[in-house]
Structures are given as C-alpha cells and as structure tokens.
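Q: The sequence and its predicted three-dimensional model are supplied below.
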Amino acid sequence: MSIERLKATISKKGGLAKANRFNVMFTPPTQSLLNIDIQDMVGSALSGNFNPRNLINDPRDISILCDSVVIPGKQLSTIDYQSTKSSVKIPYGYVQDDVSLSFLLTNDYYMKTMFDKWINSIVDYDTYEVAYKDDVSTDVIIQQLDEQDVPIYGVKLEGAFPVSIGEVALSNEATGIQKLNVSFAYDKCVPEGALSSTGSLIKNALSIFG
C-alpha cells in the first residue's frame with residue numbers, strides 16, 4: 001500500500017465525496033403552487049419582508065435552505081438462535097431511525113410556518129383529529145452531489161412526514177443564524193442511482209403543480 005496507489009484509486013473512482021455537496025427535495029402535501037395565505041402576506045408586509053416572488057412556492061427554496069441532513073443507515077433486526085454448539089443471530093427485518101434535517105430560518109420564518117402547517121394537518125391542534133397518513137406524507141429525496149452538482153448517489157424516503165419540530169431558542173446573549181431542526185419518520189428508504197434519483201427529484205418537484 002503506497003500513497004501513489006491510494007491517489008490512483010481515488011482518481012479512478014472520481015475523487016472523494018464531499019460532505020457539503022448535497023441536495024434535498026420534497027414537496028409538503030400542504031403546499032400548493034400559489035402562496036395566497038392572507039395572514040402570511042399581511043405579516044410579511046407589516047414586517048417589511050413582503051416580496052411578490054414569495055407568492056409562488058418554489059420547491060428549490062426548501063433545498064437551498066436545508067443546512068444539513070443525513071443519509072440514513074440500515075440495521076437488521078435479529079433474534080438469537082441457539083444451535084447445538086453456539087448462539088447465532090437470525091435476521092428477520094430492519095430497524096429504521098428517524099432522519100434529522102436542519103434548515104436556515106429566514107426573516108419571514110418560511111420553514112417554521114411551513115412545518116407548523118404540515119404537522120397541524122397531521123394532528124389538528126384544536127380538535128386532535130388525525131388525518132389519513134397517505135394525505136399528509138410525501139417522498140423526500142436526498143442526494144450526494146459531486147463537485148459539478150451532479151448526483152452520484154441518492155435515497156428516497158417513501159411516505160415521509162415530520163414527527164418532531166425542534167425549538168427555536170431566543171436570547172439577548174445569542175448571536176448568529178437561527179436554525180430549525182426537524183425529524184422525519186418514513187416507511188422505507190430506497191437507495192437510488194444517479195439517473196433514478198434525478199427522475200425522482202423531477203417527479204417530486206412537479207408534484208407542486210398537482
């Protein structure tokens with residue numbers, strides 16, 4: 001093993017993957033193409049943050065504001081089987097952990113408002129009525145990108161929905177940028193190649209048009 005052999009292998013494989021080259025795309029089931037929420041519009045106008053371009057919901061906004069995400073791992077569920085000589089593990093299923101995402105908060109609180117509406121559509125704040133899961137879930141596409149922003153690997157979280165919205169801390173002593181942490185549950189994590197992941201991304205973006 002030599003440094004030249006290592007460099008040749010990395011070069012042959014297209015270089016090393018970078019943690020800060022990624023893309024996330026999903027369309028919340030509560031979001032439509034037009035943003036005509038009067039309360040949001042009035043609030044933005046009063047705060048001086050009203051922008052006519054915000055009347056159109058662009059799925060790319062979510063992608064740009066996503067600060068961090070993880071590609072979930074997979075763990076097999078096993079049971080111990082006692083054979084004649086030793087105990088062995090027998091696989092029977094998967095264990096899936098929730099996926100955590102972090103988003104930058106803008107002065108119109110776009111991501112916070114969006115997730116508030118989404119999670120309220122799952123379990124109503126006032127009536128505690130629970131919606132049908134298919135009506136409040138969506139697919140989340142997570143991609144690893146190369147230096148040219150071309151997908152090299154991706155996963156699709158099927159039937160995903162937020163199960164936890166993190167607190168937003170406010171303090172006279174705090175400085176820096178506000179972020180919002182959100183955890184998603186999902187039915188299945190499907191690995192995708194570059195081509196299939198791009199197709200899922202396009203399909204997900206077009207879903208905002210109904």
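A: Great, that's in hand.

Q: list the buried ones in stretch 150-163?
A: Neighbour counts over stretch 150-163 (16 or more other C-beta atoms under 10 Å) mark Pro151, Ile152, Tyr153, Gly154, Val155, Lys156, Leu157, Ala160, Phe161, Pro162 as buried. Using the backbone N, CA and C atoms, a C-beta is placed for each residue, glycine as well.

Q: Out of these, which sit inside strands?
A: With DSSP state E as the criterion, strands contain Pro151, Ile152, Tyr153, Gly154, Val155, Lys156, Leu157, Ala160, Phe161, Pro162 from among those.

Q: surely the second one meets Thr198?
A: No - in this structure Ile152 lies outside contact range of Thr198 using C-beta atoms under 8 Å: 10.8 Å.

Q: Tell me the residues that contact both of the two, please.
A: Common contacts of Ile152 and Thr198 (C-beta atoms under 8 Å, 6 or more residues apart in numbering): none found.

Q: And the next helix or strand past the least confident helix or strand in the chain by mean pLDDT?
A: Between all helices and strands in the chain, the lowest mean by mean pLDDT, DSSP states H and E belongs to helix 38-47, at a mean of 62. Using DSSP states H and E, the helix or strand that follows helix 38-47 in sequence is helix 59-65.

Q: so where do the helices sit in the chain?
A: Assigned by DSSP state H, the helices in the chain fall at 3-12, 38-47, 59-65, 110-122, 133-136, 194-206.

Q: Among the ones you listed, which comes closest to Leu170?
A: helix 110-122 (12.4 Å; C-beta to C-beta).

Q: Buried residues in the closest one, which are they?
A: For helix 110-122, by 16+ other C-beta under 10 Å, it's Tyr110, Met111, Lys112, Met114, Phe115, Trp118, Ile119, Ile122.

Q: Please name the nearest non-neighbouring residue to the second one.
A: Once flanking residues are discounted, Met111 sits nearest to Phe103: 4.3 Å by C-beta to C-beta, 6 or more residues apart in numbering.
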